[in-house]
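Enquirer: Predicted model, plus sequence, below.
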Amino acid sequence: MVDGAFLPARAGQQQRYSSVHTIRGDADGKCPAGALLPTGDKRIAQDLAELAADNQAFLLANHGPVVCGESLQEAANNMEELEETAKLIFILGDRPIRYLTAGEIAELRS
């Protein structure tokens, strides 16, 4: 079961997570992390609406992930990829990460 346990812990530390492996549908291979806002704040919806055109996954600082997809299965796949990427980032800590290049991401998506 994917529960997003690793995601909120790091969401406030970086504005965007580069792909260790690609998150499906994100135009630039990165996952935006939203600002810390209170639960129910209308700015959360406004922020996500602005990002939704180019992203399939978002992190809400101290809240957790939001994923999108054209189907429930696609959204579940996006959640799984987001969770696995977050686990890798969490496990690696301050160690160097070799991020995928734009070419590698394009090849994986083809």
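Expert: Arrived safely, thanks for sending. Numbers count the residues shown, from 1 in each chain.

Enquirer: Where does the prediction get shaky in the chain?
Expert: 1-30 (pLDDT under 70).

Enquirer: got the residue ranges for the strands in it?
Expert: Secondary structure of the chain (DSSP state E): strands at 16-18, 30-34, 57-60, 64-67.

Enquirer: most packed of those strands?
Expert: strand 57-60 (a mean of 24; mean count of other CB atoms under 10 Å). Where you see a C-beta, it was placed from the backbone N, CA and C, and this is true even at glycine.

Enquirer: Against which helices or strands is that strand packed?
Expert: helix 7-11, strand 30-34, helix 42-51, strand 64-67, helix 72-92 (3 or more CB pairs under 8 Å, 6 or more residues apart in numbering; DSSP states H and E).

Enquirer: Swap in 10 Å and give it another go.
Expert: helix 7-11, strand 16-18, strand 30-34, helix 42-51, strand 64-67, helix 72-92 (3 or more CB pairs under 10 Å, 6 or more residues apart in numbering; DSSP states H and E).

Enquirer: Please identify the most buried of those.
Expert: By mean count of other CB under 10 Å, the helices and strands packed on strand 57-60 have strand 30-34 as the most buried, with a mean of 22.
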